[in-house]
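A.B. asks: Let's see this in three dimensions:
(chains A and B)
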Amino acid sequence: MGAPGNKVALYLKRRARWSPLEIAFWFFAFATIWLFPGKYLILKDTAILALFALSLDLILGYAGIISLGQAAFFGLAGYFAGLVAKHGIITEPVIALVCAGFLAALLGFITSFLVLRGSDLTRLMVTLGVSLMLGELANRYSDITGGADGLQGVEIEPIFGRFRFDLFGHNGYVYCLIVLFVCFVIVRRIVYSPFGLSLRSIKGNTLRAAAIGVPVKWRLVSIYTVSAGVAGIAGALLTQTTAFCSLDVFSLERSADLLLVLIIGGTGYLYGGLIGAVIYKFLQDWIANLTPQYWQFWIGLVLVVIVLIGRERMSGWIGSVRALLARLATRFFPRSLALRSASPEGH
Amino acid sequence: MLTILYDGIAYGMLLFVLACGLSVTLGLMNFINLAHGAFAMAGGYCTVILVNRLGIPFALGLPIAFLFTALLGGFFERTLYVHVYSRSHLDQVLFTIGLVFMSVAAVDYAMGSSQQFVQIPEALQGQFEVAGIGMGKYRLLIIVICGLLTIALQLTLAKTRFGSRLRAAVDDQRVARGLGINVGAVFGITFAFGSGLAGLGGALGAEILGLDPTFPLKYMIYFLIVVTVGGTSSITGPFFASILLGIADVSGKYYVPKLGAFVIYAVMIVVLIWRPQGLFARGAAR
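C.D. replies: Sure, this is the predicted structure:
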């Protein structure tokens, strides 16, 4: 028995270790660059959606805030990235991307104080209201944003002055994937820190978390800000890789789809958004091929069925698959066995 | 100026009839039903089919639309919604958004994506002038019908046995259940009735609000504003909220055409920050 502080540190360290499964996941993700050369466009969309879903997972899965307004950050950063490129203010895409992320995070910081108050429904309405307000503004100032026609004439300079966005989307996809990975590593670091642990306690029971001395308000403000920044980076990526930005970045459908993505993949373990994005994109692609006009019906049906079956049962199913994979992994990588048995937590 | 006020009141009345069912379901079961607009759309399309295709008179089409959506609402309540009451808010939001998506696509498939119009009888078209104010006849009809409905609703809630059961169930569900009130049945009836009202509102409002497959998505936000701003503990709260919203929206569209919706959202957010439980809520109920 050591000091309790040491135990916590040890526990966190163990949890934060990269498991073989995760390494395999990212290995495969980067292998897609060579595996599916003809599918760059859909892969790129998937990567952006995955990053966007990751941002929602941060606040929904870890802090328990329901939001229908992530599109606000997505759209704001998207327009920012488009405008700075169009008017030649920041021509280097990576710098523009980082700036867009910070801008979205700033908006997130400001609006987070609105989200802290009220019940679930109030939160839904406030987050939704913020994104709709931004959409109205973008529509109103059409001389800047292009209004309903979208922002046109955006030309994105090559990344680092070397890698040009080509027609086939190869460089665009690699760019998105790298950004996704970097953001993921940062988010993973945040979530596995003591800070992340305190977020989980807030989600579990806000009152008790406050009682053991967790500053609930500031924790929520900070995670909301971070999440907004990540969503903003996703939005800026979309604009940069398509060289276009339209009003539908603010739409309700975008936020609603995002919830669906996260629900398919499962919340609260970071990979939910990523796996959900892959399933969702290919499902959408497949259904849209079958019935181009009515794919929304089937998406709606999927949502209804998921809820009726029960998300717990769904994630239980995913959980058993994960457990199976983990068992297989321990067979091939015996070293991680000790790690598994040491973690006292079960989902 | 007064014409705008008049149009705004008509619009607000319409919104109230559309949204009051939602406010009761939310207050009673703490259930977030984003698919409420789908029932309004069902009522609207029902009237379009009845009046335009089958040639049934408009006055008869409205009650049929009400009955049709009430039955539809009751059916869905018993078969689908009943499974979701005890779930988390997130599940409820997902479930009802899924229903909205399905209804949008299904109506698109069945009726086409173009905007539909109900043929209104000649007698209701046109305007007349009272003291220099131009008043549309059809809007007057809306005000009269919705006003009567509001009074009837208020009386039902305040005076009848069912009304007191409903109020008891809204105030404290567990105690009401303990007193032998069948909360499930009360809720089922209320849900069906609320859906019926939404259908009637959709039928009446097809002329003013426009009717196309995206109706549930477009007006979902308006209904929710009415409910969140008005609070869910009474019927007068949503009523005043919808009148306010109606007037604000019409005058906003008239004076600052391109910024209209922005003003509404901004007002909503300010109100919600100021009073998260709604403008007319009696203290913190839940």
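A.B. asks: so where's chain B shaky on pLDDT?
C.D. replies: Low-confidence segments of chain B (pLDDT under 70): B:127, B:129-134, B:233, B:260, B:280-286.
A.B. asks: show me where it has strands.
C.D. replies: With strands called from DSSP state E, chain B shows them at B:127-130, B:133-136.
A.B. asks: near chain B, which residues of the stretch 151-300 of chain A show up?
C.D. replies: A:252-253, A:256, A:259-260, A:263, A:293-297, A:299-300 (Cβ under 8 Å from any Cβ of the partner chain). Every C-beta, even on glycine, is put in place using the N, C-alpha and C of the backbone.
A.B. asks: Looking at the stretch 51-200 of chain A, which residue is nearest chain B?
C.D. replies: A:Gly118 (3.4 Å; Cβ to the nearest Cβ).
A.B. asks: Show me the helices in the stretch 1-150 of chain A, by range?
C.D. replies: A:4-16, A:20-35, A:40-57, A:70-86, A:93-115, A:120-140, A:142-145 (DSSP state H, counting those that start in this stretch).
A.B. asks: helices and strands around the longest helix anywhere in chain A, which ones?
C.D. replies: Of all the segments assigned as helix in chain A under DSSP state H, the longest by residue count is helix A:216-242. Taking 3 or more Cβ pairs under 8 Å, 6 or more residues apart in numbering or on different chains; DSSP states H and E as contact, the helices and strands that helix A:216-242 lies on are helix A:40-57, helix A:70-86, helix A:93-115, helix A:170-191, helix A:194-204, helix A:206-211.
A.B. asks: for these, which one ends up most surrounded?
C.D. replies: With neighbours taken as mean count of other Cβ atoms under 10 Å in any protein chain shown, those reach their highest mean count in helix A:70-86, at a mean of 28.
A.B. asks: Report how many residues lie close to the residue nearest to A:Lys217 when sequence neighbours are not counted.
C.D. replies: Nearest non-adjacent residue to A:Lys217, counting by Cβ to Cβ, 6 or more residues apart in numbering or on different chains: A:Leu116, 6.1 Å away. A:Leu116 sits with 14 neighbouring residues when counted by other Cβ atoms under 10 Å in any protein chain shown.
A.B. asks: repeat for A:Leu35
C.D. replies: Residues lying near A:Leu35 (other Cβ under 10 Å) number 10.
A.B. asks: The most centrally placed residue in chain A: what's it in contact with?
C.D. replies: Centroid-nearest residue in chain A, with Cα atoms, centre = their mean: A:Leu54, separated by 2.2 Å. Each residue near A:Leu54 by Cβ atoms under 8 Å, 6 or more residues apart in numbering or on different chains is listed here: A:180, A:183-184, A:187, A:230, A:270, A:273-274.
A.B. asks: returning to what we had before: the residue nearest to A:Lys217 is in contact with A:Ser222, isn't it?
C.D. replies: No: A:Leu116 is not in contact with A:Ser222 according to Cβ atoms under 8 Å; the separation is 11.9 Å.
A.B. asks: near chain A, which residues of the stretch 51-200 of chain B?
C.D. replies: B:80, B:83-84, B:87, B:89-91, B:93-95, B:97-106, B:108-109.
A.B. asks: Looking at these, which are in helices?
C.D. replies: Filtering those for helices - DSSP H - leaves B:89-91, B:93-95, B:97-106, B:108-109.
A.B. asks: burial of A:Lys13, as a residue count?
C.D. replies: Neighbourhood size, A:Lys13 [other Cβ under 10 Å]: 10.
A.B. asks: any idea how far it lies from B:Asp212?
C.D. replies: Per Cβ to Cβ, to the nearest Å, A:Lys13 is found 57 Å from B:Asp212.
A.B. asks: before we move on, what about A:Ile89?
C.D. replies: For A:Ile89 relative to B:Asp212 (Cβ to Cβ), the value is 40 Å.
A.B. asks: which one is the residue of the stretch 151-286 of chain B found nearest chain A nearest to, not counting chain neighbours?
C.D. replies: In the stretch 151-286 of chain B, the residue that lies nearest chain A is B:Pro276 (3.4 Å; Cβ to the nearest Cβ). Leaving aside its chain neighbours, B:Pro276 sits nearest to A:Gly118 (3.4 Å; criterion: Cβ to Cβ, 6+ apart).
A.B. asks: Helices of the stretch 1-150 of chain B, start to end?
C.D. replies: B:2-29, B:36-47, B:58-79, B:89-111, B:137-159.
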